[in-house]
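**Student:** Pasting the sequence and the predicted coordinates here, then a few questions.
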Amino acid sequence: MNDSECIIKVLPDMNISGTTLVTLCVVTSAVTVLTVTFNGTIFLAMSRSIYRNIPNSNRNENKVTKPVMTSFVMVELIAGLFLMRLLIVETLNNGTWTLGSYTCLAKETVDNFIIIITIFHMMVMSMDMYLALCHPLKNRNLTRRHAYIILAFVWLISLIVTVVLLALRLSRLKETAYLAHVVLFMLVYFLFTCIPILLALVLYFLVIREAVLFYKRQTLYKANFKMPCVDLGNDCHGSSFTPTSQELREIVKSNYTISKMKSRFEPTKTISTITSNRQTCDLKYMKLYLKAYFYIGGIVFISFIWWMPLAMTITVFALKQSYLTYSMYISFKWILLVNVTVNPLIFGCNKSIRNDIKSLLCRNRKHV
C-alpha cells in the first residue's frame, strides 16, 4: 500500500501562492485552537458537574441529557485534536499527503468514526428531547444508569461500523471485487447513517409540532380562560365569607365575571395578585419551552441543513470516482469541521451548561 492508494482523488491547485498558504495556516490554526478551547472547557465543566452531582438550574432537565451532551462534546474534542491538526498539514501541502500511508489510513478511520458517532449522538439527543416533551412521565423514569448504557451502546456500535468500513477499505486496497465493495459500502452507509438521520429528523419534526400545539394551547387559554382565583376574603360589610361550591362551578365555567363579583364581594388584592402571578408564571413557562425549541432548531439547522449537503456532495464524487479540485476539497472539509467549532456556542445557550462553566472557572459551586 502506497500513499496514492490512501488519498482521495484531488487535483492539486498549482496557482496557490505562498501568501495564501500562510493565511490558510493562520486561519486554520486559529479555528483549531478555538475548537479545542471551547469544547475542552465545556467537556471539563459538564464532566465535573456530573461527577460532583451539582444540581441543575434547569429542574426540567433529566439525568440523561447531560451525559449524552458530554459524550457528544468529547467526540467534537477528538475531532479538533486529531482531524483538524492533520487537515492543517494537508492544507499546507496543496492537497498531497506527506505523513505516510498508515497515518493517512488512521485519519480516514477516525474520520469515519467521528461521522458515525456524531450521527448516533444526534439521534439519541432527538429521542431524549422527544420523550421529554411528548412523554414526560416515561422520561422521568430514566436514570444516569440508563444514560451510560445508551452511550456504551452508541460507542460500541460506532466502533464496530468503523472496523467494518476499515475492512472494506483494506479489501479494496488488495484489489478484490470492486462491485462487492460498493454494495457493502452502500448497505452500511444506508443502515448506519441514512436511517439514524431520518429517524432524528422525524423525531425533531414531532418535537416542533408539539411546540406549536403547546403555543396554541397557551394562546387559547389566555384568550378564553382567565379564571379569577378566589380565596377567603371579606364582603362589603366586613364579615368573612367562603364561596359556595355552586359559585365555584359558575366561576370555572366563566359565567361570573369580576364585575358581577363586585356586586357582592369587595374586590381584594388577592384576586388581582393571584391572577397576575398565574399569568407571569405562564409566560415564564412558555418562554422556557420556546427557548428549548430555539435551542433544538439551532442544532438541527447547523447539523443537518449545513452539514448534510456537503457530505452528500463528497459522497457522490467518491462513488463516481470523480476528481475534486483542491480548493473544493479543502473548503468542504473545513466547512464540515467548523461545525465542531460552532456547536459549543449553541451549547452555551443552555443555562445549566453556562452555570457549569461558571462553577468551573470561578471554583465554587454557586449558580447565579
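**Tutor:** Alright, I've got the coordinates. Numbers count the residues shown, from 1 in each chain.

**Student:** Could I get the contacting residues of the closest residue to Ser158 other than its chain neighbours?
**Tutor:** Nearest in space to Ser158, with sequence neighbours left out and distances taken as CB to CB, 6 or more residues apart in numbering, is Ile117 at 3.9 Å. (C-beta placed from N, C-alpha, C; glycine too.) By CB atoms under 8 Å, 6 or more residues apart in numbering, the residues touching Ile117 are 75, 154-155, 158.

**Student:** Point out where the stretch 1-150 of the chain drops to low pLDDT.
**Tutor:** Low-confidence segments of the stretch 1-150 of the chain (pLDDT under 70): 1-17, 53-62, 94-95.

**Student:** need the contacts of Ile117 in JSON lines with neighbour count, can you?
**Tutor:** Formatted as JSON lines, the contacts of Ile117 follow (neighbours: other CB atoms under 10 Å):
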{"residue": "Val75", "neighbour count": "20"}
{"residue": "Val154", "neighbour count": "21"}
{"residue": "Trp155", "neighbour count": "17"}
{"residue": "Ser158", "neighbour count": "22"}
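
**Student:** between these, which is closest to Asn339?
**Tutor:** Val75 (11.9 Å; CB to CB).

**Student:** The closest one: which element?
**Tutor:** Assigned by DSSP states H and E, Val75 falls within helix 65-78.

**Student:** next one: Val340
**Tutor:** Going by DSSP H and E, Val340 is part of helix 326-347.

**Student:** mind saving the C-alpha coords of that helix as PDB?
**Tutor:** Output of helix 326-347 as PDB, limited to C-alpha atoms (Å, rounded to 0.1, in the frame of the first residue of the first chain):
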ATOM      1  CA  TYR A 326      -8.000  21.100  -4.300                       C
ATOM      2  CA  SER A 327     -10.000  24.300  -3.400                       C
ATOM      3  CA  MET A 328     -13.300  22.400  -3.400                       C
ATOM      4  CA  TYR A 329     -12.000  19.600  -1.300                       C
ATOM      5  CA  ILE A 330     -10.300  21.800   1.300                       C
ATOM      6  CA  SER A 331     -13.300  24.100   1.500                       C
ATOM      7  CA  PHE A 332     -15.700  21.100   2.100                       C
ATOM      8  CA  LYS A 333     -13.500  19.600   4.700                       C
ATOM      9  CA  TRP A 334     -13.100  22.800   6.700                       C
ATOM     10  CA  ILE A 335     -16.800  23.800   6.500                       C
ATOM     11  CA  LEU A 336     -17.600  20.400   7.900                       C
ATOM     12  CA  LEU A 337     -15.200  20.800  10.700                       C
ATOM     13  CA  VAL A 338     -16.100  24.400  11.500                       C
ATOM     14  CA  ASN A 339     -19.400  22.900  12.700                       C
ATOM     15  CA  VAL A 340     -17.400  21.400  15.600                       C
ATOM     16  CA  THR A 341     -16.400  25.000  16.500                       C
ATOM     17  CA  VAL A 342     -19.900  26.500  16.300                       C
ATOM     18  CA  ASN A 343     -21.700  23.800  18.300                       C
ATOM     19  CA  PRO A 344     -20.200  24.900  21.700                       C
ATOM     20  CA  LEU A 345     -21.600  28.300  21.100                       C
ATOM     21  CA  ILE A 346     -25.100  26.700  20.800                       C
ATOM     22  CA  PHE A 347     -24.500  24.600  23.900                       C
END
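
**Student:** The helix or strand immediately after that helix in the chain packs against which elements?
**Tutor:** Using DSSP H and E, the next helix or strand after helix 326-347 towards the C-terminus is helix 351-362. Helix 351-362 makes packing contacts with helix 18-52 when contacts are defined by 3 or more CB pairs under 8 Å, 6 or more residues apart in numbering; DSSP states H and E.

**Student:** got the buried residues for the helix it packs on?
**Tutor:** Going by neighbour count (16 or more other CB atoms under 10 Å), the buried part of helix 18-52 is 24, 28, 31-32, 34-36, 38-47, 49-50.

**Student:** List the residues that contact Val89.
**Tutor:** 98-99.

**Student:** how much space is there between it and Ala211?
**Tutor:** 44 Å (CB to CB, to the nearest Å).

**Student:** what comes up buried for the helix holding Val340?
**Tutor:** 326, 328-330, 332-334, 336-344, 346-347.

**Student:** And for stretch 135-155?
**Tutor:** Using 16+ other CB under 10 Å as the test for burial, stretch 135-155 gives 139, 142, 147, 150-151, 154-155.

**Student:** what's next to that stretch, contact-wise?
**Tutor:** With CB under 8 Å, 6+ apart as the criterion, stretch 135-155 contacts 50, 62-64, 67-68, 71, 117, 120-121, 124, 128, 131-132.

**Student:** Which residues are in contact with Val113?
**Tutor:** Quick fix: residue 113 is Phe, not Val. 158-159, 162 are the contacts of Phe113 under CB under 8 Å, 6+ apart.

**Student:** so how far is Met127 from His146?
**Tutor:** 12 Å.

**Student:** no, scratch that, I was asking about Thr118
**Tutor:** 15 Å.

**Student:** And Thr23, by the same measure?
**Tutor:** Distance from Thr23 to Met127, by CB to CB: 43 Å.

**Student:** Name the nearest residue to Glu90, ignoring sequence neighbours.
**Tutor:** Nearest non-adjacent residue to Glu90 (CB to CB, 6+ apart): Trp97, at 6.4 Å.

**Student:** How about Met129?
**Tutor:** Closest residue in space to Met129, ignoring its immediate chain neighbours: Val207 at 5.4 Å, by CB to CB, 6+ apart.
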